[in-house]
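S.K.: Just to be clear, the model below is a prediction. Sequence and coordinates:
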2 protein chains.
Amino acid sequence: MPTERATLAEELLRGAGLRSTAPRRAVLEVVLGTPHASSGDIAGQLARAGRATSRQSLANVLDDLTGAGLLRSTQPAGSAVRYEARVGDEHHHLVCRGCGTVVDVECAHGAPPCLLPAGDPGFPVVERAEITWWGRCAECAGSPAR
Amino acid sequence: MPTERATLAEELLRGAGLRSTAPRRAVLEVVLGTPHASSGDIAGQLARAGRATSRQSLANVLDDLTGAGLLRSTQPAGSAVRYEARVGDEHHHLVCRGCGTVVDVECAHGAPPCLLPAGDPGFPVVERAEITWWGRCAECAGSPAR
DNA sequence: CGCCGTGTTTTGACTCCGTCAAGAGAAGGT
DNA sequence: ACCTTCTCTTGACGGAGTCAAAACACGGCG
């Protein structure tokens, strides 16, 4: 299965017009396998797999992949930026206040901005709505607040 | 007007059961006058007014005021935490991608979570929905992206 | 086949924001 | 007036992101 993901990563990169380099493939494979990973999570996985990269490279790669539309980023309040490879739709996120786990939530509308502000927004351009729900996952439903 | 805001701050603090101290009044006055200010913004204003406080004190005060329900915090992706004194409703925010300006958007529903995830959320508890719209303010409607 | 230019990665230093820990100081009750 | 408790300050630290510049690798061209 690493092979499957490896060739998938390769194809995705070429399809986006990016050079298929080792760090890019490695990062993309990690995000494909671990949605909502932070840059720290990714660095950890890469290091454990013997494919460590510098912080700066990781940042470059994540920027490149995001810019090319292969990744999407999201940043729940209080958290580092998280990356996911699910880019084909306008889904949203539900975050656990206890452990920080993020799960995807289908968007009821589909097309951005997917929801319009009530009343006059005050800005001439409104491109996108981002909805974050906060709650508690099954494991954290017992008390301790964050 | 500083006087008005000063006595208002005093009343708010006492009403919330907090001691009315100089740093708390000062911070509250700044946030009353500058909604969506970051801790850095607040520190700057305090310093310019000759009422500088340490970073730690500022953090303490902001935590206390937020915990007492006098302030609400929000953190648009890529920004520092921002504070506002509008705590009576469940409004949302519209953020300019160019300059970071934040404006309030009325909530069409009113009561939290104000919007429910479509389909099975996956968590047993969903307390709150937070909606952030991204766009461009009048001044930034000309090109440069962020 | 080998050179060269562009795109990619690495290194190292730095900033910003937030937090931990512990001591100094002020407020209010008895 | 004293003492307990809350509040504020100081100083050190860590995580996450960024800037700048040097090293490297790929791929086209001569």
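M.R.: Okay, I see it.

S.K.: my guess is residue A:124 meets residue B:141, correct?
M.R.: Yes. With contacts defined as Cβ atoms under 8 Å, residue A:124 counts as touching residue B:141 at a distance of 5.1 Å. Heads up, the C-betas are built off the backbone N, CA and C, glycines and all.

S.K.: buried sites along stretch A:46-57?
M.R.: Along stretch A:46-57, the positions that meet the burial threshold by neighbour count (16 or more other Cβ atoms under 10 Å in any protein chain shown) are A:46, A:53, A:57.

S.K.: likewise stretch A:55-65?
M.R.: Along stretch A:55-65, these residues count as buried under the neighbour rule (16+ other Cβ under 10 Å): A:57, A:58, A:61, A:62, A:64, A:65.

S.K.: Out of those residues, which comes closest to residue B:70?
M.R.: residue A:62 (37.9 Å; Cβ to Cβ).

S.K.: Tabulate the buried residues of stretch A:46-57 (JSON lines), appending distance to residue A:106, pLDDT and secondary structure.
M.R.: As requested, the buried residues of stretch A:46-57 are arranged in JSON lines below (distance: Cβ to Cβ, whole Å; pLDDT from 0 to 100; DSSP: H, G, I helix; E, B strand; the rest coil):
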{"residue": "A:46", "distance to residue A:106": "31", "pLDDT": "97", "secondary structure": "helix"}
{"residue": "A:53", "distance to residue A:106": "34", "pLDDT": "95", "secondary structure": "coil"}
{"residue": "A:57", "distance to residue A:106": "34", "pLDDT": "97", "secondary structure": "helix"}
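
S.K.: mind listing the strands for chain A?
M.R.: The residue ranges that make up the strands of chain A, judged by DSSP state E, are A:37-38, A:72-74, A:82-84, A:92-96, A:102-105, A:125-136.

S.K.: now for those, which one comes closest to DNA strand D?
M.R.: The minimum distance between DNA strand D and the strands of chain A falls on strand A:37-38, with 5.7 Å, by Cβ to the nearest atom of the strand.

S.K.: quick one: the closest one near chain B?
M.R.: No. With Cβ under 8 Å from any Cβ of the partner chain as the criterion, chain B is not reached by strand A:37-38; the gap is at least 12.9 Å.

S.K.: Can you tell me which helices and strands that strand packs against?
M.R.: Here strand A:37-38 is seen to pack against strand A:82-84 when contacts are counted using 3 or more Cβ pairs under 8 Å, 6 or more residues apart in numbering or on different chains; DSSP states H and E.

S.K.: Adjacent strands (with direction) for the strand it packs on?
M.R.: Strand A:82-84 has the following sheet partners, assigned by DSSP bridges: strand A:37-38 (antiparallel), strand A:72-74 (antiparallel).

S.K.: Could you list the residues in contact with the last one?
M.R.: Here strand A:72-74 makes contact (Cβ atoms under 8 Å, 6 or more residues apart in numbering or on different chains) with A:36, A:62, A:66, A:81-87, A:93, A:102, A:130, B:77.
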